[in-house]
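Colleague: whatever this is, show me its structure:
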Amino acid sequence: MNEQQDGPVEVPEPEPQVIEQQIREILEEVRLLNKAAIIAARDVKTEDVFVEEWGGKVRLRSISADDALEFVKDLQDSPNQAGSALKIIALCAVDEQGGRLFTLDDVTELRKKSFSAILTLQKAALKLNGMEADFVKTAKNDSGGVG
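Modeller: Have a look, this model is predicted:
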């Protein structure tokens, strides 16, 4: 005869050592990449960001290491951090096929757009590329960290 219990069934927490062992086992099963696998990896991420001021979404794409190095160099060399905010958007905003929406020459036009919209896209672009606000501050203050 089955007895029904009232309320949720409590599941005991696994011991930390058990969790650590499971993690080690999973990591051992992950393949070691060679040069060809790294070069062939499809590592570009995209994210569609709703921009309320523009009434639609903008697709952002992660940037290459080369573009990221150039962006960080710009942060270090330029006293104009606002220009850097626009540059990251120009580097990341893409169409449905993955082609850039803007060239770096279009940054002048982007300067005329809503500041709030630009901030929304800048935050999303930095996050998508692993460059949170503290990273940008560090890069801005570190004149010898990249290159």
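Colleague: give the rounded mean pLDDT of stretch 63-75.
Modeller: Mean pLDDT, computed over stretch 63-75, is 87.
Colleague: meant to ask about stretch 115-128, not that
Modeller: On average, stretch 115-128 scores 94.
Colleague: give the buried residues for that stretch.
Modeller: Ala117, Ile118, Thr120, Leu121, Gln122, Ala124, Ala125, Leu126, Leu128 (16 or more other Cβ atoms under 10 Å). To be clear about C-beta, it is placed using only N, CA and C from the backbone, and glycine gets the same treatment.
Colleague: secondary structure for these - can I get that in JSON lines?
Modeller: JSON lines is the format used below for the buried residues of stretch 115-128 (DSSP: H, G, I helix; E, B strand; the rest coil):
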{"residue": "Ala117", "secondary structure": "helix"}
{"residue": "Ile118", "secondary structure": "helix"}
{"residue": "Thr120", "secondary structure": "helix"}
{"residue": "Leu121", "secondary structure": "helix"}
{"residue": "Gln122", "secondary structure": "helix"}
{"residue": "Ala124", "secondary structure": "helix"}
{"residue": "Ala125", "secondary structure": "helix"}
{"residue": "Leu126", "secondary structure": "helix"}
{"residue": "Leu128", "secondary structure": "helix"}
